[in-house]
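Visitor: coords please:
(chains A and B)
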Amino acid sequence: MLTANQNEAQLFRDVRARLARLSPSDAAPVLSEIAQRVRRDDLQMVYRAGLGHLGGDFSVIDILVTLYAAVLNVDPAHPLAAERDRLVLSKGHTAGALYATLAHCGFFARGELQTFAAPHSALNGHPNRTKVPGVETNTGPLGHGFPVAVGIALSARLQGSPRRTFVVLGDGELQEGSNWEAAMTAAHHGLSSLFAVVDRNGLQQGARTEETTQLEPLAAKWVSFGWEVREVDGHDHAQLLDTFRRPGTTRPVCVIAHTVKGKGVSFMEDRAEWHHKVPSAEQVDVALQELSA
Amino acid sequence: MSQATQAAALHDCRKVFAETLIALAREDERIVAVCNDSVGSSNLAGFKAEFPDRMVNVGIAEQDLVGVGAGLANGGMIPFVSAAAPFLTGRALEQVKADVAYSQARVILCGQSPGFAYGELGPTHHSIEDLSWLRAVADLPVVVPADPIQTAQAVRWAAANPGPSYLRIPRTPVPEVTPPGSPFQPGRVLQLTDGNDVTVIATGTMVSRALQAAESLRSEGIGARVLNIAFVEPLDTAAVLAAAAETKGIVVAEEATITGGLGAAVATLTAQERPVRLRLLGVPRSFAPTGSTAFLLEHFGLTPGHIAAAARDIIAHASR
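Guide: Take a look at the predicted model:
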């Protein structure tokens, strides 16, 4: 199991404390800066390893950074604290985005990112909770994280705990039936502490979701399953932070975050081929420039 | 068969499963039961009556069932996830692998009515593949109690174990076969009879039948060593290898397919470490015909008579 560096953990606590005092619009520039640094690290990880899922990483990074840096009650030095908030990354193939976010939030040393996908690295192609602090359950096969998140939220209900649970889902992933089993269970129990965040980038591995097995009308589906639905720009940190800070009332909350696959790099944006394509050295240089602008 | 064995009362192990779970839940408020519309078939009505808040029924949704169990464990609860064995292990196999075993979530998977318990309902409802499937999943103990005593021991062991486990709870009525005070430990067999001519390794519902076979063999002057293997995984390799070394051969009996179950485990071990004559009794790679549980056990040769015949066959081959 990787562990936190005490100094970096303290830096993270300071950033969290500062962001907690800011309005969503004032916090947004700070979050945006962190997200760009996370994208740059992720890009270099994937280039170095020769594998990864940059398209989905870049669509979900703003969501993950907003949650870890400004919303979740977590302490990187105590990643298993009983009363922590939980985040389950159900779209486990975007482990690169998660690892880079966790490293920037002090859960383990940034230098560890260089081992991504190397033999015996803790940073496997899909996240492993027994090796990486901050990971709540092992995901990879799609449709797994949501039921687990429902169980986590139920545990909080049973214990009378105010802790919150977030599950981040890919949009293509919603084609897995297990998600809708979980959606029914959460609504049946009125798990208002549970947020399901859909990374709605519109693309799955090979094509658009609507050309594969259509998801629309997506918001209506969630409403009909008994959920409160909020739609936001998934790259607007102010919108994300505002909606994540507002607690649910009587129903679980689905946040449909409209995103762009490959967000931040012009030649990757909204292109299915960047689901798991690895950039060339020249492309890395161009991408780093765009992500530093 | 002795008078004592004939007179032995038969038990549905679901009863002691539920009683033990309720007793544990009274002691530990972290214990919850999770089921898939199976309050009745998992015999959890009593649990629900006493702990209505700690009875989570996700409805007919086995993937959700196992994932919710893993989430409850993440939140510090100790979930007993109970469902008919064929659906728990078949429908939710990937959740068992990824959410429970690989994630090392402290979930106790309780497979109810395994083997041919559902008799005439047919192969869709038989759970003869579960031992093979779950033996193939790493870091998951596979526990098959043989009687009410071991069922209670298994439930208590699993509740105290910090990791995941699979309990295969017998429904086919069985007599008590476990001597009072017997230990219940991972990776340890329980030797029920002494004997150096032949070994009978049995699990679950086959243990009482193995004892009956040993009794008839003894009347013929054949000493049969009966090993009750409750922990199919982790396997007691020392006891199996000792049996291979000290007796003329091993009969393995299980209410499961022989493709990958306990017999396959014994065969794999002995073939590599201590080759020995084997007879594997179980279900060949075929779907069962229509019939009651008793009919199917007879049909597939899972009776005391068939076990004894397999033992005699080993002895006959060894003396040639």
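
Visitor: switch to C-alpha atoms for all contacts and neighbour counts from now on
Guide: Fine.

Visitor: Show me which residues of the stretch 1-150 of chain B sit near chain A.
Guide: B:53-54, B:58, B:61, B:63-77, B:95, B:98-99, B:102-104 (Cα under 8 Å from any Cα of the partner chain).

Visitor: Of these, which belong to strands?
Guide: Residues of these located in strands (DSSP state E): none.

Visitor: any chance you could map the helices in the stretch 1-150 of chain A?
Guide: Secondary structure of the stretch 1-150 of chain A (DSSP state H, counting those that start in this stretch): helices at A:6-20, A:24-49, A:54-66, A:95-104, A:145-159.

Visitor: Output the ones you listed in JSON lines; the columns should cover mean neighbour count.
Guide: As requested, the helices of the stretch 1-150 of chain A are exported to JSON lines (neighbours: other Cα atoms under 10 Å in any protein chain shown):
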{"stretch": "helix A:6-20", "mean neighbour count": "16"}
{"stretch": "helix A:24-49", "mean neighbour count": "20"}
{"stretch": "helix A:54-66", "mean neighbour count": "28"}
{"stretch": "helix A:95-104", "mean neighbour count": "27"}
{"stretch": "helix A:145-159", "mean neighbour count": "28"}
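
Visitor: out of these, nearest to chain B?
Guide: Nearest to chain B, of all those, is helix A:145-159, at 3.9 Å by Cα to the nearest Cα.

Visitor: who's in contact with stretch B:310-317?
Guide: By Cα atoms under 8 Å, 6 or more residues apart in numbering or on different chains, the residues outside stretch B:310-317 that reach it are B:197, B:198, B:199, B:200, B:248, B:249, B:250, B:251, B:277, B:278, B:279.

Visitor: ok, of those residues, which come out buried?
Guide: B:197, B:198, B:199, B:200, B:248, B:249, B:250, B:251, B:277, B:278, B:279 (16 or more other Cα atoms under 10 Å in any protein chain shown).

Visitor: Pretty sure the third one sits against residue B:222.
Guide: In this case it means residue B:199. No. When contacts are counted by Cα atoms under 8 Å, residue B:199 is not listed as touching residue B:222 (10.5 Å).

Visitor: care to break chain B down by domain?
Guide: Listed domain ranges for chain B are B:3-169, B:190-318 (source: automatic domain parsing).

Visitor: hey, which of those domains is tucked in deepest?
Guide: Comparing the domains of chain B by mean neighbour count (mean count of other Cα atoms under 10 Å in any protein chain shown), domain B:3-169 comes out on top with a mean of 22.

Visitor: Could you dump the domains of chain B into JSON lines and include distance to residue A:73 and mean pLDDT?
Guide: Shown next, in JSON lines, are the domains of chain B (distance: least, Cα to Cα, whole Å; pLDDT from 0 to 100):
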{"stretch": "domain B:3-169", "distance to residue A:73": "15", "mean pLDDT": "96"}
{"stretch": "domain B:190-318", "distance to residue A:73": "39", "mean pLDDT": "98"}
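
Visitor: give me the number of residues near residue A:50?
Guide: When neighbours are defined as other Cα atoms under 10 Å in any protein chain shown, residue A:50 has 15 of them.

Visitor: returning to what we had before: between the helices of the stretch 1-150 of chain A, which one is closest to residue B:288.
Guide: helix A:145-159 (33.9 Å; Cα to Cα).

Visitor: Rounded mean pLDDT for the closest one, please.
Guide: In this model, helix A:145-159 has an average pLDDT of 98.

Visitor: Equivalent analysis for stretch A:227-242, please.
Guide: Stretch A:227-242 comes out at a mean pLDDT of 98.

Visitor: Might you report the residue contacts of residue B:267?
Guide: Per Cα under 8 Å, 6+ apart, neighbours of residue B:267: residue B:278.

Visitor: Please, which helix or strand holds it?
Guide: helix B:262-273 (DSSP states H and E).

Visitor: what's the spacing between residue A:101 and residue B:26?
Guide: Residue A:101 sits 42 Å away from residue B:26, going by Cα to Cα, to the nearest Å.
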